[in-house]
Structure formats: C-alpha cells, structure tokens
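K.L.:
Sharing a model prediction with you, sequence too.
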Amino acid sequence: MPAAVVILAAGLGSRVGAGSNKVLLPLGDRPVLAWSVRDALALDDVRRVLVVVRPGEAADVAAALAPHLGEGEVRLVEGGATRHGSEWAALQALAPEIGAGELDVIAIHDGARPLAGRDLFAATITAARETGGALPGVRLTGLVALDARALPGELDGVQTPQAFRARELLAAYTAAAAEGFDGTDTAACWSRYTGLPVARVPGSPANLKVTFPEDLDLALRLA
Ligand SMILES: Nc1ccn([C@@H]2O[C@H](COP(=O)(O)OP(=O)(O)OP(=O)(O)O)[C@@H](O)[C@H]2O)c(=O)n1
Ligand SMILES: C[C@](O)(CO)[C@H](O)COP(=O)(O)O
C-alpha cells in the first residue's frame, strides 16, 4: 500500500525575519519548499504529496512550486495557527483515503528542512511500515547543559520527516483535538495517544531546519 507525504509550509518564519514566509525564499535554483516537495514526488511508493499552506498563501505557493514539479502533482491544504494545527488540517484532508485503506503510512516533514533527501524519506517510511512509527535523530555532541548542570547520557536532535501508520496517527490526532493537545512534533502526539514507541533512523546534520537568517547560507553550502 502506498504512503502519503505531508509537507508543512504554513509557518511564519519570523525568526528568519525576511518579512515573508521563509519556505518561499530562494535556495539555489528553487524555493526552500521546492527541495523537499521534489524529493517527496520522486519516491516510488508515495501516492499523495500534500503541502500545508498559510491561509491566503495558496496561490503564491502554487506559483512558486509550479516551475519545479515536472509531471508531479501536489495538493494544497490550508494550515492552522500552530505546527500541530497544520498537521491536523493535513490529516483531516487525508482522512477519506486513510479510512478507505488507501494509505498505509503518513510521513510529515517541515518544509523548512530542504535537505532531507529522498533516502531519508524512504528510510523513515520503511521503518514506520516495520515498527509503526519512525523519526530521524542526530546524536548531539559537545556538552549540553540544563540549569548549568551537565546532563548524563546521550541526547538526540529530533528531525523530520517523521512517519507513522496512517490509521493510528489519525486516531491520535483526533484524540488530541478532543483534548486541545498541541504537540511540538508528530512523535509527541503519537507517543502520548498511542503509547507506542518511535523507532530512530539516522538523521543528518545537513537536514537542518532553516530557522535563523544564517541557515540559508549554510543550507546552500550543504546542498
Ligand atoms: N502554524 C504552522 C507553524 C509552522 N508550520 C511549519 O512547521 C515547520 C517548522 O516550523 P518552524 O520553522 O519552527 O516555525 P515557523 O513558524 O515557520 O518559524 P518561526 O517560529 O520563526 O516564526 C515549518 O516548515 C513551518 O512552515 C506550519 O505548517 N504551520
Ligand atoms: C518539529 C521539529 O522540526 C523537530 O526538530 C522542531 O521541533 C520544530 O521547530 P522548533 O524550532 O523546535 O519550534
């Protein structure tokens, strides 16, 4: 059964401070958002690529993506006020296909992470098929401290795409909506409402999230 990829692009990008949505800023020969959309469209077993956009920005996003999609098609859905709200909007849009058993796994990715790459999408989706849910992690190096005390053990930096079995993910977000829960990432909601573990696949430092202005230059050098 095929998967769906959701690419979140309904944020503000206020920390980049460009005065417009950062995912539409240029990165090399295409907008930041077009990098991951193209990777998602190139995956073998993905039947749906859905991009979540800010209210009022659908036409801008469609115009920005059009020259970069080739034969590929994306569906645009209006997002919510938070990242979690945008995920929920996407899952509601996919609910008929999930209910009909046409999608086995949903991968949710930050459009602000242009350099995830096809292999990471594929690895995460495959791991979710095998285990129920998966996300990329990168081991943090150097000293990480909280309240000036060094923490023992190893810490992972959590990335996207994060992929989960479709029916359980929709059920988790439906339960979250009923309680008004708003999670930091997809795994937070999955863990809270399913109690199931999330497998880790190796992420990459190159899979950075464009968050601050200097991240655009860094991403360009890594691309
Ligand atoms: N309401 C929201 C908020 C965020 N996102 C998306 O979630 C990803 C991660 O968001 P982040 O970059 O942390 O937030 P932004 O709102 O985009 O940026 P900032 O916090 O600097 O304003 C981005 O691809 C962003 O477009 C979204 O789809 N809907
Ligand atoms: C979801 C996320 O991309 C995981 O790394 C991240 O938590 C979202 O961005 P933020 O800058 O941490 O709000």
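P.N.:
Everything's here; your move. Numbering: from 1, shown residues only. Ligands and ions are numbered 1, 2, ... in the order given.
K.L.:
C-alpha from now on. contacts and neighbour counts both.
P.N.:
Will do.
K.L.:
Alongside ligand 2, which residues does the protein contribute?
P.N.:
Taking C-alpha under 6 Å from any ligand atom as the test, the list of the chain residues beside ligand 2 reads 158, 159, 160, 184, 185.
K.L.:
run the last query once more with 8 Å
P.N.:
Taking C-alpha under 8 Å from any ligand atom as the measure of proximity, the chain contacts ligand 2 at 83, 109-110, 113, 157-160, 184-186, 209, 211.
K.L.:
Tell me where the protein has helices.
P.N.:
32-41, 58-65, 83-99, 118-131, 166-179, 186-194, 214-222 (DSSP state H).
K.L.:
Format those as JSON lines; extra columns: distance to residue 74 and mean pLDDT.
P.N.:
Supplementary listing: these in JSON lines, determined by distance: least, C-alpha to C-alpha, whole Å; pLDDT from 0 to 100:
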{"stretch": "helix 32-41", "distance to residue 74": "8", "mean pLDDT": "98"}
{"stretch": "helix 58-65", "distance to residue 74": "9", "mean pLDDT": "98"}
{"stretch": "helix 83-99", "distance to residue 74": "13", "mean pLDDT": "98"}
{"stretch": "helix 118-131", "distance to residue 74": "17", "mean pLDDT": "98"}
{"stretch": "helix 166-179", "distance to residue 74": "19", "mean pLDDT": "98"}
{"stretch": "helix 186-194", "distance to residue 74": "21", "mean pLDDT": "97"}
{"stretch": "helix 214-222", "distance to residue 74": "24", "mean pLDDT": "97"}
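K.L.:
Can you tell me which of those is most buried?
P.N.:
Comparing the helices of the chain by mean neighbour count (mean count of other C-alpha atoms under 10 Å), helix 32-41 comes out on top with a mean of 24.
K.L.:
Okay, angle between it and helix 118-131 too, please.
P.N.:
Between the direction of helix 32-41 and that of helix 118-131, the angle (axes from the mean of the first three to the mean of the last three C-alpha atoms, to 10 degrees) works out to 50 degrees.
K.L.:
Can you show me the CA trace of helix 32-41 as CSV?
P.N.:
The C-alpha trace of helix 32-41 is given here as CSV (Å, rounded to 0.1, in the frame of the first residue of the first chain):
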residue,chain,number,x,y,z
VAL,A,32,13.3,26.3,0.1
LEU,A,33,10.0,24.4,-0.1
ALA,A,34,10.5,23.0,-3.6
TRP,A,35,13.5,21.0,-2.4
SER,A,36,11.6,18.6,-0.2
VAL,A,37,8.5,18.6,-2.4
ARG,A,38,10.6,17.4,-5.3
ASP,A,39,12.1,14.7,-3.2
ALA,A,40,8.7,13.5,-2.0
LEU,A,41,7.3,13.4,-5.5
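K.L.:
Give me the angle between it and helix 58-65.
P.N.:
Going by the same axes, to 10 degrees, helix 32-41 is angled at 70 degrees with respect to helix 58-65.
K.L.:
which helices and strands does helix 32-41 pack with?
P.N.:
In terms of contact count using 3 or more C-alpha pairs under 8 Å, 6 or more residues apart in numbering; DSSP states H and E, helix 32-41 is assigned the packing partners strand 3-9, strand 46-53, helix 58-65, helix 118-131.
K.L.:
List the pairing partners of the second one within its sheet, with orientation.
P.N.:
Same thing as strand 46-53. On the basis of DSSP bridges, the sheet neighbours of strand 46-53 come out as strand 3-9 (parallel), strand 75-78 (parallel).
K.L.:
for it, the distance to its chain's centre please.
P.N.:
On the basis of C-alpha atoms, centre = their mean, to the nearest Å, strand 46-53 is displaced by 11 Å from the centre of the chain it belongs to.
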